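**Q** Have a look at this prediction, sequence included:
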Amino acid sequence: MRLNDYKKFVILGNGEYPTSSIPLSILYNAEHVICCDGAAENYVSNGMLPYKIIGDCDSLSKNFKNLYKNIIIQVTDQETNDLTKSVKYLLDSGITEFNIVGATGKREDHTLGNISLIMDYMNMGANVRMYTDYGVFIPCHDTCTFSTNPKQQLSIINFDAKRIYSKDLKYPLSDFTKWWQGTLNETLYDTVTIEAEGDYLVYINY
């Protein structure tokens, strides 16, 4: 897996602030960082200035909102979370390639929700990856190829894909229906091709 997957735009979620060198590198090499609501205070406390702060702003102090009012975009829609509000802002601006960091940790229900949402973002037209402190989530449709290292751990979470197959993994694949069934596989080579028809989510451990 190439770990220099830098994009001009990165969304910083309001989960646990990254501590691993890989998501931190992704974050600090971005030209523009959009912070989801309360994530902005952590980002600023690390000496950085967000490009935009997007959300319902219920996690920001009054003083912070006054200081950064020129870059805050308040979206009061309660049908979507702040991560989705930020993604929609980028897509509406014509920006389809970006990474997400800081979207996991803290509450497990928020973590599961954010991970599943990147499948929706892919189907909305985004070329997106979600980096955590331990690995990267990549939403996939049909056949996809990845750069990896031999013996990297790789998991596949199936959504609606059929005819799932790869000759580049240690354990054979099938059209599994439960999330756990595709976990803890292992790469054999420096590239992995997964053949499929439909949507699935790949997780590659660093």
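**A** Perfect, thanks for sending it.

**Q** Tell me which helix or strand the residue nearest the centre of the chain sits in.
**A** Geometric centre of the chain, nearest residue: M130, 1.8 Å, by CA atoms, centre = their mean. Assigned by DSSP states H and E, M130 falls within strand 127-131.

**Q** Could I get the buried residue list for that strand?
**A** By 16 or more other CB atoms under 10 Å, the buried positions in strand 127-131 come out as V128, R129, M130, Y131. All C-beta spots, glycine's among them, are computed from the backbone N, C-alpha and C.

**Q** ok, now which ones touch the residue nearest to the centre of the chain?
**A** By CB atoms under 8 Å, 6 or more residues apart in numbering, M130 lies in contact with N99, I100, V101, A103, T104, N114, I115, I118, V136, F137.

**Q** Please repeat the previous calculation with a cut-off of 7 Å.
**A** Contact analysis of M130 by CB atoms under 7 Å, 6 or more residues apart in numbering lists I100, A103, I115, I118, V136, F137.

**Q** can you count the residues close to the first one?
**A** Neighbourhood size, I100 [other CB atoms under 10 Å]: 33.

**Q** Quickly list what it is bridged to.
**A** Beta bridges link I100 to I11, M130 when assigned by DSSP bridges.

**Q** surely it meets V128?
**A** Yes. Using CB atoms under 7 Å, I100 is in contact with V128, at 6.3 Å.
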